[in-house]
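Chemist: Let me see the structure of the following:
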Amino acid sequence: MWVKPRRIRSTLWRQGIRGPKPSFLYGNIQEMKNIQSVLVNDQASQPAVSHNTWVKSIFPYLHLWAQKYGSIYMYSTGNKQHLYIGQPELLKELNLHKSLDLGKPTYLSKSMEPMLGDGIIKANGPYWAYQRKLIAPEFFLHKAKHMLGLMEESVMAMIRTWLSQVEINGGVADITVDKDLKRVSADIISKACFGHETTALTASWSLMLLALYPEWQERIRAEIFDICGDDRDCFQDLDKLRQLKSLTMVIQETLRLYGPAVITSREAFADLRVGDLTVPKGTIIWISVMALHRDPENWGPDADEFKPERFAGGVAEACKYPQSYIPFGFGSRLCVGQTFAMLELKILLRSILSNFSFSLSPEYRHSPVYKMLLAPQHGIRLLARRLQRENVMTQT
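Modeler: Numbering: from 1, shown residues only. Below you'll find the model as predicted:
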């Protein structure tokens, strides 16, 4: 029972990797609980809207240990041995690792089986590779194209409801956008048989950020008008969707600061070589997506700021190590539906921003929390106003 954990820890120790000292039976579990109970309460004293102060309240022990032991360290939970990696250079190496010897942690897969079944999300090895090979062609662009009309139909039903609320409330409606967007996403899933709640969450966080930075709302609307003019059906054209550069930059920056994936993990099913590091079989690797996406060494001194323009040259030019931008995962397990998700996000946001302008509701409380995904604890409440076409024209 203890031979394997000792082998893993001794192998990592010989390579200079340190971490909190584990107790005999429970590893670092009690220390994790103590840190969580102390730091999670700090969220209550945050400023109204901050893009970074809430981050350390989610898995606070990971952030605390990173400060103490560096960007690579080990810790234990019972007899399970974990390796935290927060170094962009090593993530680059992990991205290049395509072997089936690196997969989803088996202990997590077993606990999620009642919810996820034996599907591609939790599968490993040849069975995972077989499922991915079957599913991947369904997300090719030429197949996703016929779903554009279904997406537009679903979002327009929500927009008509919002327009009615604005009219009833004298020109301004206080809307909890994340709830309505979840319904739209569920409707798209039922019609197209594809989709995920992550799209609704990303669209919701995008609207919150656009309400906070109205100059980007105006920029996106001007872009929509320049590309489409009076043609309401132009976004059935994939080429027109690709031309929405400002909208794409806002989505990419939203995924950096408020991406649904908070943390990701892998298990080594054999001894692996990752750069200069030997990762022993049985090691569970953890990567904080939030920390990677806010690393000033990679993104610059403005890493905590909302600046979509950093993606003007694409992901490759947005940071020093573009492989550490992982909103859709990394390596061989990169999300098979990422192209579909970006299409859905563009259609959702393009349709909404063509009809409404937004500002933060006085009732909005900024409190991102981890609920398997990054979610707004108190919802995303925005003030919506109907957009008159002449308003868009004066911005162009």
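Chemist: residue boundaries of the strands in the stretch 201-350 of the chain?
Modeler: 263-268, 272-274, 277-279, 284-288 (DSSP state E, counting those that start in this stretch).
Chemist: scratch that, the stretch 1-150 of the chain is what I was asking about
Modeler: 72-77, 80-85, 102-103.
Chemist: Glu305 is nearest to which of these?
Modeler: strand 80-85 (25.2 Å; C-beta to C-beta). Heads up, the C-betas are built off the backbone N, CA and C, glycines and all.
Chemist: what's in contact with the closest one?
Modeler: For strand 80-85, the surrounding residues in contact (C-beta atoms under 8 Å, 6 or more residues apart in numbering) are 5, 8-9, 12, 17, 19, 27, 62, 65-66, 71-76, 91, 94, 107, 279, 282-288.
Chemist: strands paired with it, and their directions?
Modeler: Sheet pairing of strand 80-85 (DSSP bridges) gives strand 72-77 (antiparallel), strand 284-288 (parallel).
Chemist: Turn the ones you listed into TSV, columns for mean neighbour count, distance to Ser354 and mean pLDDT.
Modeler: Converted to TSV, the strands paired with strand 80-85 look like this (neighbours: other C-beta atoms under 10 Å; distance: least, C-beta to C-beta, whole Å; pLDDT from 0 to 100):
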stretch	mean neighbour count	distance to Ser354	mean pLDDT
strand 72-77	20	47	97
strand 284-288	20	36	96
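Chemist: For Leu39, which non-adjacent residue is spatially closest?
Modeler: Among residues not flanking Leu39 along the chain, Pro60 sits closest, at 3.8 Å (C-beta to C-beta, 6 or more residues apart in numbering).
Chemist: need the contact list for that neighbour.
Modeler: Ile35, Gln36, Val38, Leu39, Val40.
Chemist: which among the residues you listed gets closest to Gly329?
Modeler: Using C-beta to C-beta, Gln36 is the member of the contacts of Pro60 that sits closest to Gly329, with 25.6 Å.
Chemist: what about that closest one, neighbour count?
Modeler: By the criterion of other C-beta atoms under 10 Å, Gln36 has 15 neighbours.
Chemist: isn't it right next to Tyr61, touching?
Modeler: Yes: using C-beta atoms under 8 Å, Gln36 is in contact with Tyr61, at 6.5 Å.
Chemist: Low-confidence regions, the stretch 251-396 of the chain specifically.
Modeler: For the stretch 251-396 of the chain, the stretches flagged by pLDDT under 70 are 389-396.
Chemist: if we go to 50?
Modeler: 392-396 (pLDDT under 50).
Chemist: Do a quick rundown of the helices in it.
Modeler: 289-292, 296-299, 338-353, 389-395 (DSSP state H, counting those that start in this stretch).
Chemist: Using a markdown table, please lay out those helices together with distance to Leu257.
Modeler: Shown next, in a markdown table, are the helices of the stretch 251-396 of the chain (distance: least, C-beta to C-beta, whole Å):
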| stretch | distance to Leu257 |
| --- | --- |
| helix 289-292 | 9 |
| helix 296-299 | 10 |
| helix 338-353 | 15 |
| helix 389-395 | 25 |
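Chemist: out of these, nearest to Trp216?
Modeler: helix 338-353 (9.8 Å).
Chemist: Centroid-nearest residue for the chain?
Modeler: The chain has Gly259 as the residue nearest its centroid, 2.3 Å off, counting by C-alpha atoms, centre = their mean.
Chemist: shouldn't it be in contact with Leu292?
Modeler: No: look at Gly259 against Leu292 with C-beta under 8 Å: they stay out of range, at 10.3 Å.
Chemist: and the longest helix for this structure?
Modeler: The residue-count maximum for a helix in the chain (DSSP state H) belongs to helix 148-168.
Chemist: and it, what does it pack onto?
Modeler: strand 172-176, helix 177-192, helix 338-353, strand 356-360, strand 381-386 (3 or more C-beta pairs under 8 Å, 6 or more residues apart in numbering; DSSP states H and E).
Chemist: one more time with 7 Å, if that's ok
Modeler: Here helix 148-168 touches strand 172-176, helix 177-192, helix 338-353, strand 381-386, going by 3 or more C-beta pairs under 7 Å, 6 or more residues apart in numbering; DSSP states H and E.
Chemist: Go through these and name the closest to Glu253.
Modeler: Per C-beta to C-beta, nearest to Glu253 of the helices and strands packed on helix 148-168: helix 338-353, 12.5 Å.
Chemist: can you pull the buried residues of that closest one?
Modeler: 340-353 (16 or more other C-beta atoms under 10 Å).
Chemist: mind giving me a markdown table with those and columns for distance to Gln87?
Modeler: What follows is these, written out as a markdown table (distance: C-beta to C-beta, whole Å):
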| residue | distance to Gln87 |
| --- | --- |
| Phe340 | 31 |
| Ala341 | 27 |
| Met342 | 28 |
| Leu343 | 33 |
| Glu344 | 33 |
| Leu345 | 30 |
| Lys346 | 33 |
| Ile347 | 37 |
| Leu348 | 35 |
| Leu349 | 34 |
| Arg350 | 37 |
| Ser351 | 40 |
| Ile352 | 38 |
| Leu353 | 38 |
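Chemist: Of the residues you listed, which pair is most distant in space?
Modeler: Most distant of these, by C-beta to C-beta, are Phe340 and Leu353, 20.5 Å apart.
Chemist: Can you give me the end-to-end span of stretch 319-336?
Modeler: 24 Å (C-alpha to C-alpha, to the nearest Å).
Chemist: And stretch 324-334, by the same measure?
Modeler: Span of stretch 324-334 from end to end, C-alpha to C-alpha: 13 Å.
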